[in-house]
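Next one to model:
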Amino acid sequence: MVSKSMGRSCLALLLLLLLFTPIRSVRAQAPDSPPRAAGIDAILVADTRTGPEGTVPNLHLLESLFLNAQKLGYDVSITMLEDDRATPGGMISAIRRLDPRRMRERTLFFYYAGHGGTDPGSGHFLRTPWGDLSRSVLLAEIRARSARLSLIFTDCCSTRTKSKVALPGFPVPPERRAFENLFFQHVGVVDMNASSCHPEKGIYQAAFYSPFGGIFTGSFISMFNPAQGRPREAAPVAPGEPNEEGHWRRFGTDRSILHDRNKDGFLDWSEAREYLDSAVSSGFYDLRADASSERTLQIVNPADLRLLESQVSQDPQVFGPLAVRSDRDVVEVSAFRPGHASRRPRFGATFTERYERGGAYLEITNVEARSPATKVSVWNGARKSKSPTTMVVGDTVLWANGVRIRSIRDLLKVLDTVPEGGEFNIIGYDASTGRRSKYEATALLDSYAE
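Numbers count the residues shown, from 1 in each chain. Next comes the predicted model:
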């Protein structure tokens with residue numbers, strides 16, 4: 001027989017179990033969002049004395065981004081170094097003033113706009129009128145602050161050398177979810193420059209500016225632009241029918257504002273890197289087209305113009321592994337896995353990899369008769385050609401289905417995602433114009449038996 005006091009104790013215990021069990025169950029099914037950093041310490045440096053023409057707008061764009069973040073309620077501390085304060089010593093001093101104990105729960109953002117280069121012996125460096133600062137030294141100083149997340153963004157050239165206006169408005173406020181994901185909910189380091197250097201392939205790129213700022217910095221800022229309505233959807237387009245939406249879907253780099261490729265509702269730095277890769281290259285092609293049409297000759301000096309015309313592309317470079325979400329312990333690497341279907345997609349052209357100082361690309365060396373490569377539709381703006389044309393030997397491919405193509409492996413990874421009869425959208429330079437004109441073309445792939 002159970003006593004009344006024991007019965008009441010059991011009943012109380014049962015009620016406690018019923019009270020807490022559902023909470024634990026809900027949390028297991030719907031985990032909380034990644035832990036947040038306590039705040040941001042931003043160090044913004046610009047060589048406004050001798051830097052490229054758009055250096056001052058760059059600095060004010062970044063300052064506006066963080067001032068608007070403060071208005072959203074985020075704890076953001078801003079240190080700006082310009083003119084005679086943008087020295088190697090000034091940069092190191094600004095970093096060393098940060099307390100490592102405080103930074104363990106904060107994000108450190110370092111930005112530099114100005115000149116730079118790559119020394120064959122010591123690697124990338126930032127160049128100021130008061131001397132050069134090695135990127136490896138900069139990274140070591142930043143790592144010593146023990147920040148929860150360190151972001152290093154430099155808008156400068158990677159050209160080979162020895163180590164030695166109008167202000168565009170910024171939308172108010174920045175897109176909250178993108179800002180919080182990238183600045184508060186990652187751990188590790190993101191170290192990125194506006195242009196690439198791959199000595200083993202002879203690639204030493206320049207980073208380009210307009211009077212409105214650097215291509216790289218403008219692209220970085222655009223990641224936080226607020227969404228304007230729902231993402232546009234493309235309707236089917238009849239052959240030869242003009243359709244702005246269809247053209248945007250095939251070739252545009254203006255993706256959904258969060259650039260969330262896996263649609264998980266979280267913008268991570270790998271997705272942000274893909275967006276920057278796309279946006280910077282697009283900005284480079286636009287600047288090159290403007291210069292070729294003489295729309296910007298008054299703001300591009302002859303040396304810069306020659307460099308712009310000779311360079312294949314401008315591709316941001318990441319140094320080391322990217323930071324990861326603060327609720328994950330390891331980096332997720334999406335390795336290429338060949339398809340397992342019995343049939344594989346076919347374009348019908350043979351490519352070879354080419355490397356120049358200004359970038360990497362693929363060049364067509366053979367075109368198969370009666371293949372999809374001989375029946376491509378060329379786009380003129382938003383209008384598609386009524387009659388198909390053929391790719392020819394010497395045509396180059398720099399983009400395929402929105403992905404920058406630097407190797408045959410890159411191309412195969414894209415082809416492996418296209419079903420039989422699916423669209424294969426490519427961008428490159430036309431051999432018939434001496435690679436002075438860019439083309440945009442669409443092919444419908446067939447397949448072959450493995």
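
Distance-wise, check the residue nearest the centre of the chain relative to residue 52.
In the chain, the residue lying closest to the centroid (Cα atoms, centre = their mean) is residue 276, at 1.8 Å. Distance from residue 276 to residue 52, counting by Cβ to Cβ, to the nearest Å: 19 Å. Placement of C-beta: from N, CA and C, glycine included.

And residue 266, by the same measure?
35 Å.

and what of residue 273?
23 Å.

of the two, who's got more company?
residue 52 (22 against 16; other Cβ atoms under 10 Å).

In this structure the more buried one contacts residue 212, no?
No: in terms of Cβ atoms under 8 Å, residue 52 does not count as a neighbour of residue 212; the distance is 11.4 Å.

Flag every buried residue along stretch 83-98.
Using 16 or more other Cβ atoms under 10 Å as the test for burial, stretch 83-98 gives 85-88, 90-91, 94-95, 98.

Filter these down to the ones in helices?
Judged by DSSP state H, the buried residues of stretch 83-98 include 88, 90-91, 94-95 as members of helices.

Return the member of these nearest to residue 131.
residue 88 (5.2 Å; Cβ to Cβ).

circling back to that earlier point, got a list of what the residue nearest to the centre of the chain touches?
Residues counted as contacts of residue 276 (Cβ atoms under 8 Å, 6 or more residues apart in numbering) are 192, 216, 219-220, 223, 316.

Of the residues you listed, grab the buried ones for PyMOL.
Command for PyMOL that selects the buried part of these, burial taken from 16+ other Cβ under 10 Å:
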select buried, resi 192+216+219+220+223+316
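
could you dump the contacts of residue 276 to CSV with secondary structure?
What follows is the contacts of residue 276, written out as CSV (DSSP: H, G, I helix; E, B strand; the rest coil):
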residue, secondary structure
192, strand
216, helix
219, helix
220, helix
223, coil
316, coil
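
Closest one to residue 61 out of the contacts of residue 276, please.
Of the contacts of residue 276, the one sitting nearest to residue 61 (Cβ to Cβ) turns out to be residue 220, at 8.6 Å.

For the stretch 251-400 of the chain, which segments count as strands?
317-318, 324-325, 343-346, 349-356, 359-367, 377-380, 383-384, 396-397, 399-400 (DSSP state E, counting those that start in this stretch).

Mean neighbour count, distance to residue 62 and mean pLDDT added to these, as CSV?
Formatted as CSV, the strands of the stretch 251-400 of the chain follow (neighbours: other Cβ atoms under 10 Å; distance: least, Cβ to Cβ, whole Å; pLDDT from 0 to 100):
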stretch, mean neighbour count, distance to residue 62, mean pLDDT
strand 317-318, 18, 19, 92
strand 324-325, 20, 24, 86
strand 343-346, 18, 42, 70
strand 349-356, 16, 31, 86
strand 359-367, 19, 26, 88
strand 377-380, 16, 35, 84
strand 383-384, 18, 38, 77
strand 396-397, 22, 34, 90
strand 399-400, 22, 28, 88
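
can you put the ones you listed in TSV and add distance to residue 206?
Converted to TSV, these look like this (distance: least, Cβ to Cβ, whole Å):
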stretch	distance to residue 206
strand 317-318	13
strand 324-325	31
strand 343-346	36
strand 349-356	12
strand 359-367	11
strand 377-380	28
strand 383-384	33
strand 396-397	19
strand 399-400	20
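
out of those strands, nearest to residue 202?
strand 349-356 (5.7 Å).

so who does residue 151 touch?
107-110, 183, 189-190, 323.

you'd agree it is in a helix?
No: assigned with three-state DSSP, residue 151 falls outside any helix and is strand.

I'd like the distance between it and residue 272.
In terms of Cβ to Cβ, residue 151 sits 10 Å off from residue 272.

And for residue 404?
For residue 404, the distance to residue 272 - Cβ to Cβ - is 15 Å.

What is the neighbour count of residue 128?
25.

ok, now which ones touch it?
Contacts of residue 128 by Cβ under 8 Å, 6+ apart are 47, 50, 86-88, 114-115.

how about 10 Å then?
45, 47, 49-51, 81, 84, 86-91, 112, 114-116 (Cβ atoms under 10 Å, 6 or more residues apart in numbering).

ok, residue 101 - how many residues close by?
Using other Cβ under 10 Å: residue 101 sits among 8 other residues.

Tell me the helices and strands packed up against the helix or strand harbouring residue 78.
If you go by DSSP states H and E, residue 78 is part of strand 76-82. With contacts taken as 3 or more Cβ pairs under 10 Å, 6 or more residues apart in numbering; DSSP states H and E, strand 76-82 sits against strand 39-46, helix 55-71, helix 88-96, strand 106-113.

Now do that strand: distance to the chain's middle.
24 Å (Cα atoms, centre = their mean, to the nearest Å).

ditto for stretch 358-365
Using Cα atoms, centre = their mean, the offset of stretch 358-365 from its chain centre is 21 Å.

Also stretch 389-406?
Per Cα atoms, centre = their mean, the centroid offset for stretch 389-406 relative to its chain is 20 Å.

Could I get the buried residue list for that stretch?
Neighbour count says stretch 389-406 has 391, 395-402, 404-406 buried, by 16+ other Cβ under 10 Å.

Ok, stretch 308-326 next?
In stretch 308-326, counting by 16+ other Cβ under 10 Å, buried: 308, 311-319, 322-326.

model confidence over the strand or helix carrying residue 410, on average?
Here residue 410 sits within helix 408-415, counting by DSSP H and E. Taken as a whole, helix 408-415 has a mean pLDDT of 86.

between that helix and strand 359-367, how many degrees?
70 degrees (axes from the mean of the first three to the mean of the last three Cα atoms, to 10 degrees).

Check which element follows helix 408-415 along the chain.
Past helix 408-415, the next helix or strand by DSSP H and E is strand 423-429.

Sheet partners, orientation included, of that following strand?
strand 399-400 (antiparallel), strand 438-444 (antiparallel) (DSSP bridges).

so what's the backbone phi/psi at residue 147?
phi -70, psi 150 (degrees, to the nearest 10).

how near is residue 102 to residue 39?
Counting by Cβ to Cβ - residue 102 and residue 39 are separated by 9 Å.

Settle it for me: which of those two has more neighbours?
Neighbours were counted for residue 102 and for residue 39 using other Cβ under 10 Å; residue 39 has more, 18 against 14.

is it true that that one touches residue 104?
No: counting by Cβ atoms under 10 Å, residue 39 does not reach residue 104; the two are 11.9 Å apart.
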